[in-house]
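K.L.:
Next comes the sequence, and after it the predicted model I'd like to discuss.
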Amino acid sequence: MTTAPVTTTETTYREALREALREALREDDRVFLMGEDVGSYGGCFAVTLGLLEEFGPERVRDTPLSESTFVGAGIGAALGGMRPIVEIMTVNFSMLALDQILNNAATLLHMSGGQLNVPLVIRMTTGAGRQLAAQHSHSLEGWYAHIPGLKVIAPATLEDARGMLWTALQDPDPVLLFEHGSLYNMSGALATGAGHVDIQRAAVRRPGRDLTLVSYGGSLSTSMTAADELSAGGIEVEVIDLRVLRPLDDATIMESVRRTHRAVVVDEGWRSGSLAAEVSARITEQCFFELDAPVERVCSAEVPMPYAKHLEEAALPQVATVVAAARKVVS
Amino acid sequence: MPSLGADMDAGTLVEWLVRAGDTVHRGDPMAVVDTDKSAIEVESFDDGVVEALLVEPGTRVAVGTPLARLVAVGMTVAAPEQSAAPAAASRPAPSPGQVVVPAPSPGPVVVPVGGRPGGRVSPYARRLARELGVDLDRVSGSGADGAVHAEDVLAARATTTEQVPDSPAVEEPVALESSAPPARSARSARRETIAALMSRAKREIPHYYVATTVDLHALTEWLRRTNRERSVAERIVPAAAVLKAAALAARRHPGLNGFWVDDAFVPAPEVHLGVAVHVRDGALVAPAIHRTADLSLPEVMAALRDLVSRARAGRLRRAEMADPTLTVTDLGDQGVEEVIGVIYPPQVALLGVGRVVERPWAVDGLLGVRPTVRLTLSGDHRATDGATGARFLTTLDELLQHPEEL
């Protein structure tokens, strides 16, 4: 670095999330945490490890294995003036709470004529790549991004893991925060004192002139690696991290596509009806006359996620498939 | 009726230069068309035999209207079912067939793109072709199944000299002697065209200006000496040397030689200097001297003479109107010392040349009298900065100090 001394700390995505939770619990006494195994066990993915000891059982609460019950309790607490953070172990299990999320959390503001807002944050693990098979590996955040009344965010970097939670807690309406399971062990340098970040805009993670790669969450690192490989072959790729899946930041995407005239969307969800489909449609709607090639999508194979390693890899977007799609578009 | 500029929607056929039965080759002049701004020779897009002339002289027709029908050389004159073939069938497919002279058409008129296998052109490529005046019929696609992408259009723009011109061709009216007067006053129509183009330039182009005064002692001495050995008709004027030097300088500073298209600078692969020529009625044209930098100085001089005389006769070719990559406007003959010009969109620079004036001039600490000229570069600040313009003028000055190397 130059003159401004920026000190950094080596940390992980998991620790950055934990630090964000710790800050929220410390700074706002309306905040409490609940979910399956978040207390004594320290969280299924160890995100909440040590928080029970630090903040006590009133504020870090283990719940029964009933997603509908504890998400509903979270909605009630939010209506009662609290700022609950509810953890659902994986997005697959959130289906059991879908009634609460869709029919209550997302809808109450509208149904009450603006009288009842639900300031609730729900954290979920999403995504595949760890041989956890079809019970634990699906990427259903695109479904939630379909629902009016929700805000859906997906931190893909240490900065966002550290900074998005606080901003989400300030939102008067429900926010769903998706943590890709393969990111928890991601380590790197985070600026000491890294703080809150916006949850409104997509980010350009790498500038480029030939092609726009739109990605988010667990697919971001795949896209960045593919961009490196393509760059070695003379194709300069611009990588966009959506960060916010609902509402989508059209401006950042379109500004990029208007420069590169080509786009590939990488999304770990299933292709049909995916978030990638939404992004692709918007590009075509808003940038049709700028496009020099059809928009390509790289998504997961439309199968329940396999357990066997080679099959799981074959089902997921890989660097090679992203590179191939990019070459097809740029050819 | 070809579109001879982005804002042209109709034209008047002034005169046929061919008759039915004539064999024509691609590039041969076929007709003279009045565009409200100038009389321009329309060239054939293909080799073939003229089967029929479809439009009478004096008729004003919309862009895209077939003017004549060609059949490929060696074919019998068209059978009825061939006549019925759509114009688009003349796409570059090698099989001989109907060729209807020309139908490229920006604006609301649909460009036919059939004929190409699949006929696929990306939306961006199609838009770019319209903006650059590239005839998609002449673009070969590099994509899967022959689809045309933007880079194919840009490549065609770079290599073809027969495309429909973009606005540089439109901007400058030429006096027209025509048996078929346009509906409204030709002069006011021409003025409207200049008004529209110059308004666009001043509205869209953030101009910057840099200027310098150049000592022409070396050049005038050298011309005086060498012109003694030339016949009167071959004598070289300083303006030709400035043109040649400007072309060489443009080659060294390619950021000033090209076009601003779609929010980005597109460099031109060759230097085709546009030369502003004044014609009657206060009108003005700026046709190109092709590959100016590659011509010898006597060739530049000859090209200049030829261009001026044809411009004044209203007989410029489409390619000359279409191709300028950088324009030079020399108002020295009008007596002014300095010209601070307006750039012709989509070009990105314009060189203004004043009168050669004898001025007191310090050389080696002594005051003398030297012939000098004021050179002003107007630059598009979106494409380049003042430093680029300054370097261009410095290069130009250096080149003019060594006229024997021009």
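P.N.:
Yep, it's here. Just so it is clear, the model here is predicted, and its values are computed rather than measured.

K.L.:
Beyond the longest helix belonging to chain B, next helix or strand please.
P.N.:
Longest helix in chain B, counting residues (DSSP state H): helix B:186-204. Sequence order places strand B:207-215 as the next helix or strand after helix B:186-204, per DSSP states H and E.

K.L.:
What is the distance between that next one and the centre of its chain?
P.N.:
Distance, stretch centre to chain centre, for strand B:207-215: 24 Å (CA atoms, centre = their mean, to the nearest Å).

K.L.:
Pull out the buried residues from the helix or strand hosting A:Ala20.
P.N.:
A:Ala20 is part of helix A:13-27 when elements are defined by DSSP H and E. Judged by neighbour count using 16 or more other CB atoms under 10 Å in any protein chain shown, the buried positions of helix A:13-27 are A:13-25. All C-beta spots, glycine's among them, are computed from the backbone N, C-alpha and C.

K.L.:
How about residues contacting the helix or strand where A:Glu278 lies?
P.N.:
Here A:Glu278 is covered by helix A:275-287, with elements defined by DSSP H and E. Applying CB atoms under 8 Å, 6 or more residues apart in numbering or on different chains, the external contacts of helix A:275-287 come out as A:141-142, A:145, A:214, A:216, A:242, A:245, A:248, A:250, A:253-254, A:257-258, A:263, A:265-267, A:269, A:271, A:291, A:295, A:297-299.

K.L.:
near chain A, which residues of the stretch 101-250 of chain B show up?
P.N.:
When proximity is defined by CB under 8 Å from any CB of the partner chain, the stretch 101-250 of chain B lies next to chain A at B:122-127, B:142-144, B:149-150.

K.L.:
For the residues you listed, point out the one with the lowest pLDDT.
P.N.:
In terms of pLDDT, the lowest of those is B:Ala144, showing 76.

K.L.:
Report how many residues lie close to that one.
P.N.:
If you count neighbours by other CB atoms under 10 Å in any protein chain shown, B:Ala144 ends up with 12.

K.L.:
Do I have it right that it meets A:Ser331?
P.N.:
Yes - counting by CB atoms under 8 Å, B:Ala144 does reach A:Ser331; the two are 7.0 Å apart.

K.L.:
thinking again about what came up before, just the buried ones from the residues of the stretch 101-250 of chain B next to chain A?
P.N.:
Neighbour-count burial (16+ other CB under 10 Å) is assigned, among those, to B:122-127, B:143, B:149-150.

K.L.:
Farthest-apart pair in the residues you listed, please.
P.N.:
B:Arg127 and B:Gly143 (16.1 Å; CB to CB).

K.L.:
While we're on the residue of the stretch 51-200 of chain A found nearest chain B, how confident is the model there?
P.N.:
Taking CB to the nearest CB, chain B has its nearest neighbour within the stretch 51-200 of chain A at A:Gln200, 25.5 Å off. We note a pLDDT of 96 for A:Gln200 in this prediction.

K.L.:
Smallest distance to chain B belongs to which residue of the stretch 101-250 of chain A?
P.N.:
Counting by CB to the nearest CB, the stretch 101-250 of chain A gets nearest chain B through A:Arg209, at 9.6 Å.

K.L.:
domains for the chain, by residue range?
P.N.:
Just so you know, I chose chain A. Domain ranges of chain A: A:8-191, A:203-330, per automatic domain parsing.

K.L.:
other chain: chain B
P.N.:
B:1-105, B:113-164, B:186-405.

K.L.:
Wondering if the helix or strand harbouring A:Val266 reaches chain B at all.
P.N.:
Secondary structure from DSSP H and E places A:Val266 in strand A:263-270. No - using CB under 8 Å from any CB, strand A:263-270 stays clear of chain B, with a minimum separation of 11.8 Å.

K.L.:
now swap in stretch A:313-331 and tell me
P.N.:
Yes - counting by CB under 8 Å from any CB, chain B is contacted by stretch A:313-331 at A:Ser331.

K.L.:
what comes into contact with that stretch?
P.N.:
Contacts of stretch A:313-331 (CB under 8 Å, 6+ apart): A:128-129, A:210-211, A:213, A:219, A:222-223, A:225-226, A:229-230, A:233, A:235, A:237, A:262-264, A:266-268, A:293-301, A:303, A:305-306, B:142-144.

K.L.:
OK, contacts around the closest residue to A:Val322 other than its chain neighbours?
P.N.:
Using CB to CB, 6 or more residues apart in numbering or on different chains and skipping the chain neighbours, the partner closest in space to A:Val322 is A:Ala226 (3.8 Å). For A:Ala226, the contact set (CB under 8 Å, 6+ apart) comprises A:213, A:237, A:319, A:322-323, A:326.

K.L.:
So which of these wins on neighbours?
P.N.:
That'd be A:Leu213 among the contacts of A:Ala226, by other CB under 10 Å, with 33 neighbours.

K.L.:
Alright, that wraps it up for me.
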